[in-house]
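[1] sequence first, then the predicted structure:
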There are 2 protein chains.
Amino acid sequence: MNEIGGYDFEDLEAGMSASFAKTITEADILLFAAASGDINAVHINEEFARTTPFKGRIAHGMLSASMISATLAGRLPGPGTVYLGQNLRFKAPVRAGDTVHATVAVKELQPEKSRVVMSTVCTVAGKVVIDGEAVVMATSRARRVAECADSAGEPAITSESIEAQRSCR
Amino acid sequence: MNEIGGYDFEDLEAGMSASFAKTITEADILLFAAASGDINAVHINEEFARTTPFKGRIAHGMLSASMISATLAGRLPGPGTVYLGQNLRFKAPVRAGDTVHATVAVKELQPEKSRVVMSTVCTVAGKVVIDGEAVVMATSRARRVAECADSAGEPAITSESIEAQRSCR
């Protein structure tokens, strides 16, 4: 583990997984509309949404997808993870009241740059609503040691180099 | 155009593009954290975020990505569009105060299922922060005509078939 509770690259093995679940509420959909600027009628206008194939308001697909990001950043690999890429396939709509379960699993480890390919899936009552893959860069003990060695010879005159040396103690 | 102001598949040509810009505020980041459940310290804890390579709080990558969704659903193809998939590559961090410009462009038209491959990019001050591609299903005049023909012989005993016949007038 790293200092902030995330898994280092060296801790990860293919097949490790983590989940995060959250009930999507009407409030979440409105907060997401405000933050994203996506005020499409299918998300916020029940009268209109009833006339669509969805037969009522649905959550933004990216709202459920953002729970994948929450799972990667919060659970596995967890704090310190850098998000490099994400593929998403939207399979089924999510409605207010649905509980979305986001599950991520280590699929492939790429040691050269501490990159990890993660499978990412969101389900509602066992049904897949989003699937896809993420690519992240995990923290790495080997990289920390190398960076400390690089910084050891530099004078500690900037906040950055002071921080780097502090983390080497 | 369809009845709700979106482009039909038949209106689209490769190269058509649309943009949506929004300044990302601290409030957006907090709203997004609440809606997504992603309360990672790099987004909400300035003291911690200063110790990371980002040197301060950054917006959730998915917050900027959600502006792509807003542009597809609101502008091109616009209302009526069904979001099928999205690939994202996160290239650079976005901070509160940055104005994100999301631009989508028609890349490839797949007539069989009215599918459209769209290039999708987010920039801040001209620098790419996210790029990728979306796959959407646009509304289609040809499909509406076919669906009206299918429903014409059915008795109008459900709200759905009444709606279908109404849209055929």
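    Received the coordinates, thanks.
[2] longest helix in chain A, please.
    What stands out as the longest helix in chain A, according to DSSP state H, is helix A:61-74.
[3] how about that helix and chain B, any contact?
    Yes. Helix A:61-74 is in contact with chain B by Cβ under 8 Å from any Cβ of the partner chain, via A:61, A:62, A:63, A:65, A:66, A:67, A:69, A:70, A:73, A:74. Just so you know, the C-beta spots here come from the backbone N, C-alpha and C atoms, and that holds for glycine as well.
[4] tabulate these (JSON lines), appending pLDDT and neighbour count.
    Converted to JSON lines, those look like this (pLDDT from 0 to 100; neighbours: other Cβ atoms under 10 Å in any protein chain shown):
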{"residue": "A:61", "pLDDT": "96", "neighbour count": "28"}
{"residue": "A:62", "pLDDT": "96", "neighbour count": "27"}
{"residue": "A:63", "pLDDT": "96", "neighbour count": "28"}
{"residue": "A:65", "pLDDT": "97", "neighbour count": "27"}
{"residue": "A:66", "pLDDT": "97", "neighbour count": "29"}
{"residue": "A:67", "pLDDT": "97", "neighbour count": "28"}
{"residue": "A:69", "pLDDT": "96", "neighbour count": "30"}
{"residue": "A:70", "pLDDT": "96", "neighbour count": "22"}
{"residue": "A:73", "pLDDT": "94", "neighbour count": "27"}
{"residue": "A:74", "pLDDT": "95", "neighbour count": "20"}
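[5] by how many degrees do the longest helix of chain A and helix B:61-74 diverge?
    Per axes from the mean of the first three to the mean of the last three Cα atoms, to 10 degrees, the angle that helix A:61-74 makes with helix B:61-74 is 170 degrees.
[6] low-confidence stretches in chain A?
    Chain A contains residues with pLDDT under 70 at A:151-169.
[7] give me the most central residue, it.
    Closest residue to the average C-alpha location of chain A: residue A:69 at 1.5 Å, with Cα atoms, centre = their mean.
[8] skipping its backbone neighbours, what lies nearest it in space?
    residue B:62 (4.8 Å; Cβ to Cβ, 6 or more residues apart in numbering or on different chains).
[9] pretty sure that neighbour sits against residue A:65.
    Yes. In this structure residue B:62 lies within contact range of residue A:65 using Cβ atoms under 8 Å: 6.3 Å.
[10] got a list of what residue A:129 touches?
    Contact analysis of residue A:129 by Cβ atoms under 8 Å, 6 or more residues apart in numbering or on different chains lists A:64, A:90, A:91, A:92, A:93, A:94, A:100, A:122, A:123.
[11] please consider this matter closed, and thank you.
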